[in-house]
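**Q** Next input, structure requested:
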Amino acid sequence: MTNIKVIIPAYNEQDSITNVINDIPNIVNEVIVVNNNSTDLTAANAEKAGATVLTENNRGYGYACLKGMDYIAKLQVKPDIIVFLDGDYSDYPEELTKVVAPILNDDIDFVIGSRVKRLREGNSMTPQQVFGNWLATFLMGLFFGAKFTDLGPFRAIKYNKLVALNMEDKTYGWTVEMQLKALKQKLTYVEVPVRYKQRIGVSKVSGTVKGTIFAGFKILGWIFKYSLKK
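**A** Modelled structure (predicted):
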């Protein structure tokens, strides 16, 4: 049986985290919520819902993901697949089966849940998110011939391939770093269209001007860094 683990970075998601965990299909062996210095009941609610709860006090999406990976690296039995999922309930966790299907059925290395316009709830993505995704994926196509259309956080990857990527970004560049390194290491990849709805609570990135600008610089920085290595 395939061993699947889910990593959920979570900062102040007390109102949504239980819903996220409860909607994850039972094909998953373990749900790991990384409490990223929350000041609310995120950790308590996640634990009550049955998740393994880790604490990462350094604020940052990448910090939280790396914490989850460090925990998994110390397990005696390693998983086959890692799924990354946000804790704000903007994704549909039940679609996890669809996201991992190309790995299970077609031996694909890496799958992005693509938030296509026809499946997105109105106003679920801000104009700056839509433009940022378009620009980043356009540049990846221009520089590397990539076929990505989204930097969607709902994604699945073979565990051994993830480890080989040697991920390092601590904040907003995590998703684009993974995609760029997957291209460099010539991983097989596909996108799977997924539904997307308005999140519960306020976005910590696109909900602030500072977060939007910083995220944009981080994403473009990774792309241009890798374009210079070609």
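**Q** Helices along the chain, start to end?
**A** 17-22, 42-48, 61-73, 96-106, 127-144, 159-165, 174-184, 209-228 (DSSP state H).
**Q** To what extent is the closest residue to residue 19 other than its chain neighbours buried, counted in neighbours?
**A** Leaving aside its sequence neighbours, residue 19 sits nearest to residue 89 (CB to CB, 6 or more residues apart in numbering; 5.0 Å). Using the backbone N, CA and C atoms, a C-beta is placed for each residue, glycine as well. Neighbour count for residue 89, taken as other CB atoms under 10 Å: 21.
**Q** Do you know the pLDDT at residue 89?
**A** The score at residue 89 is 95. That number is its pLDDT.
**Q** Is it correct that it is in contact with residue 196?
**A** No: at 10.7 Å, residue 89 and residue 196 do not qualify as touching, with contact defined as CB atoms under 8 Å.
**Q** between the helices of the chain, which one is nearest to residue 151?
**A** Residue 151 lies closest to helix 174-184 among those, at 4.5 Å (CB to CB).
**Q** tell me the angle that closest one makes with helix 61-73.
**A** Helix 174-184 runs at 60 degrees relative to helix 61-73, counting by axes from the mean of the first three to the mean of the last three CA atoms, to 10 degrees.
**Q** Any stretches of this protein with poor pLDDT?
**A** Along the chain, the model assigns pLDDT under 70 to residues 201-215, 228-230.
**Q** Now for the residue most central in space within it: which residues touch it?
**A** Nearest to the mean C-alpha position of the chain, by CA atoms, centre = their mean, lies residue 153 at 3.0 Å. The contact partners of residue 153, taken as CB atoms under 8 Å, 6 or more residues apart in numbering, are 84, 85, 86, 91, 113, 175.
**Q** Just among those, which is most surrounded?
**A** Of the contacts of residue 153, with other CB under 10 Å as the count, residue 85 tops at 29 neighbours.
**Q** Please tell me I have it right and it contacts residue 91.
**A** Yes: here residue 85 lies in contact with residue 91, judged by CB under 8 Å, at a distance of 6.0 Å.
**Q** Overlap of the contact sets of the two?
**A** In contact with both residue 85 and residue 91: 20, 153, 154, using CB under 8 Å, 6+ apart.
**Q** quick one: which of the residues you listed is nearest residue 99?
**A** Out of the shared contacts of residue 85 and residue 91, the member with the shortest distance to residue 99 (by CB to CB) is residue 154, at 6.3 Å.
**Q** Could you find the closest non-adjacent residue to the closest one?
**A** Using CB to CB, 6+ apart and skipping the chain neighbours, the partner closest in space to residue 154 is residue 113 (3.5 Å).
**Q** what's across from the one you found in the sheet?
**A** residue 192 (DSSP bridges).
**Q** returning to that earlier point: quick check: which of the helices of the chain is nearest to residue 2?
**A** helix 96-106 (6.3 Å).
**Q** residues in contact with that closest one?
**A** Residues contacting helix 96-106 (CB under 8 Å, 6+ apart): 2, 4, 6, 24-25, 27-28, 81, 83, 85, 108-109, 111, 113, 154-158, 190, 192, 194.
**Q** how about 6 Å then?
**A** Helix 96-106 is contacted by residues 25, 81, 83, 108, 111, 113, 156, 190, 192 when judged by CB atoms under 6 Å, 6 or more residues apart in numbering.
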